[in-house]
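# structure for this input, please:
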Amino acid sequence: MSAELLKALPSLANDSVAKQVTDILTDLIVTGKIKQGDYLPTEEDLCREFGIGRSSVREAIKTLESRGMVRKFHGKGVVVIDESAQATAKLLPIALKLKKTTMKDILEFRNSIEIKMTELAASRATEEQIKVISDNLEKMRNEEYKLETFAEYDYNFHKSVADASGNSIFSLMMETMRPMLYNHIIYTLNPEFNPENCNHFHETILNTIISKDPVAASEAMKSHLAGTKSVMDELERANITI
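Below you'll find the model as predicted:
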């Protein structure tokens, strides 16, 4: 961060000083004026340029760290990173519990985005992206069928389809929703864990993407999620919750 940029920093109003510093630094990062890999100015420089104390600067840096935007290295300084999606993913389970989110809510959410993203993937996926999807499915086929690791590969399959959609929002949503989706997959696999049935749906999805058939891809994901709903209905009748 150059001295000229520091001198151009806006003056602070009467609101929370730490919040204003956080907002200013956030804006500089998201607009690319401070790039990933750059180091923030030292505490001394920020204190001097803003005319504030160390406690306010440290509070602002701590907030940026919690947002996954910077990381502090002892003896080196504070470097700009982009782990915002991971930071959001850590907070999401808390928000879901506070909102009393149900498995039905999650399935409705999945229907709202995964059918469309699969349709787009069939239109837009590159050969490299198709290979990633295929590799994830292959791991599911070769897994020793431990529930937790199979669920991880299952999530990775769906995330790779989102990446292949060519829509950064689908990809970002799937990444930040990872804990929610992983738990949902665990829940629906748990009763009678049968990887072969699960792999059948994924194989159909992959084949429609390889064939570049958006309509068939959309239907394949719809069938997969319909199968998931059937499992959930059985769990509900058995009064099994998570």
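
# residue ranges with poor pLDDT in the protein?
Segments of the chain classed as low confidence (criterion: pLDDT under 70) are 1-15, 143-145, 190-193, 239-242.

# would you mind finding the longest helix in it?
In the chain, taking DSSP state H as the definition, the longest helix is helix 214-237.

# could you name the helices and strands sitting against it?
On a contact count with 3 or more CB pairs under 8 Å, 6 or more residues apart in numbering; DSSP states H and E, helix 214-237 meets helix 103-124, helix 178-189, helix 195-210. Backbone N, C-alpha and C define where each C-beta goes, glycine included.

# name the element the residue nearest the centre of the chain belongs to?
Nearest to the geometric centre of the chain sits Glu175, at 1.8 Å (CA atoms, centre = their mean). Here Glu175, judged by DSSP states H and E, is contained in helix 168-176.

# next, the buried residues of that helix.
By 16 or more other CB atoms under 10 Å, the buried positions in helix 168-176 come out as Phe170, Ser171, Met173, Met174, Glu175, Thr176.

# pretty sure Ser218 contacts Met117?
No. When contacts are counted by CB atoms under 8 Å, Ser218 is not listed as touching Met117 (9.7 Å).

# just want to know which of these two has more residues nearby.
Met117 (24 against 21; other CB atoms under 10 Å).

# and that one, how far is that from Ala95?
Distance, Met117 to Ala95, by CB to CB, to the nearest Å: 22 Å.

# sorry, back to before: which elements pack onto the helix holding Glu175?
Using 3+ CB pairs under 8 Å, 6+ apart, helix 168-176 sits against helix 84-98, helix 103-124, helix 147-164.

# can I get the last one as PDB, trimmed to CA atoms?
Right, helix 147-164. Output in PDB follows, covering the C-alpha atoms of helix 147-164 (Å, rounded to 0.1, in the frame of the first residue of the first chain):
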ATOM      1  CA  LEU A 147     -20.300 -42.600   5.400                       C
ATOM      2  CA  GLU A 148     -18.400 -39.400   6.300                       C
ATOM      3  CA  THR A 149     -15.800 -39.600   3.500                       C
ATOM      4  CA  PHE A 150     -18.400 -40.700   0.900                       C
ATOM      5  CA  ALA A 151     -20.500 -37.600   1.900                       C
ATOM      6  CA  GLU A 152     -17.400 -35.400   1.400                       C
ATOM      7  CA  TYR A 153     -16.900 -36.800  -2.100                       C
ATOM      8  CA  ASP A 154     -20.700 -36.400  -2.700                       C
ATOM      9  CA  TYR A 155     -20.500 -32.700  -1.700                       C
ATOM     10  CA  ASN A 156     -17.400 -32.200  -3.900                       C
ATOM     11  CA  PHE A 157     -19.300 -33.700  -6.900                       C
ATOM     12  CA  HIS A 158     -22.100 -31.100  -6.500                       C
ATOM     13  CA  LYS A 159     -19.600 -28.300  -5.900                       C
ATOM     14  CA  SER A 160     -17.800 -29.200  -9.100                       C
ATOM     15  CA  VAL A 161     -21.000 -29.100 -11.000                       C
ATOM     16  CA  ALA A 162     -21.600 -25.600  -9.600                       C
ATOM     17  CA  ASP A 163     -18.100 -24.600 -10.700                       C
ATOM     18  CA  ALA A 164     -18.900 -25.900 -14.200                       C
END
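
# no further queries at this time; thank you.
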